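Visitor: Quick one, structure for this:
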Amino acid sequence: MAHHIENTGKTPVRFLEVFKNPTFQEFSLNQWMALTSPELVQAHLNLNKVMMGALRKQKWSVVK
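Guide: Take a look at the predicted model:
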């Protein structure tokens, strides 16, 4: 299941996520939306062309 974490406070957030699974996999929602049919994404999320143009087809790491 996809999920999202947002810091709504004024201090830094530390988040540790643990899964009981021998294989680690991740995906970027930004990349997934960029690689999905633009018409489908726009129809379901009501995004304008500027926002659609900002989506990246390459995944960017959150932490380097």
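Visitor: going forward, measure contacts between C-alpha atoms and count neighbours the same way
Guide: Fine.
Visitor: what about the closest residue to residue 13 other than its chain neighbours, helix or strand, and which?
Guide: Nearest-residue entry for residue 13: residue 7, 6.3 Å, with adjacent residues in sequence omitted and distances by C-alpha to C-alpha, 6 or more residues apart in numbering. Assigned by DSSP states H and E, residue 7 falls within no helix or strand.
Visitor: now the helices for this protein?
Guide: With helices called from DSSP state H, the chain shows them at 29-35, 38-45, 49-54.
Visitor: residues making contact with the last one?
Guide: Helix 49-54 is contacted by residues 34, 38, 42 when judged by C-alpha atoms under 8 Å, 6 or more residues apart in numbering.
Visitor: Try it again at 10 Å.
Guide: Helix 49-54 is touched from outside by 30, 33-34, 38-39, 41-42, 46-47, with contacts defined as C-alpha atoms under 10 Å, 6 or more residues apart in numbering.
Visitor: Are any of the residues you listed buried, and if so which?
Guide: 30, 33-34 (16 or more other C-alpha atoms under 10 Å).
Visitor: Hmm, which of those is lowest in pLDDT?
Guide: The lowest pLDDT within the buried ones among the contacts of helix 49-54 belongs to residue 30, with 87.
Visitor: can I assume that residue is in contact with residue 59?
Guide: Yes: the pair residue 30 / residue 59 is scored as a contact, 7.7 Å apart, by C-alpha atoms under 10 Å.
Visitor: quick one: the residue nearest to the spatial centre of the chain and residue 41, what's the gap?
Guide: For the chain, the residue sitting closest to the mean C-alpha position, by C-alpha atoms, centre = their mean, is residue 29 at 2.8 Å. According to C-alpha to C-alpha, to the nearest Å, residue 29 stands 12 Å off from residue 41.
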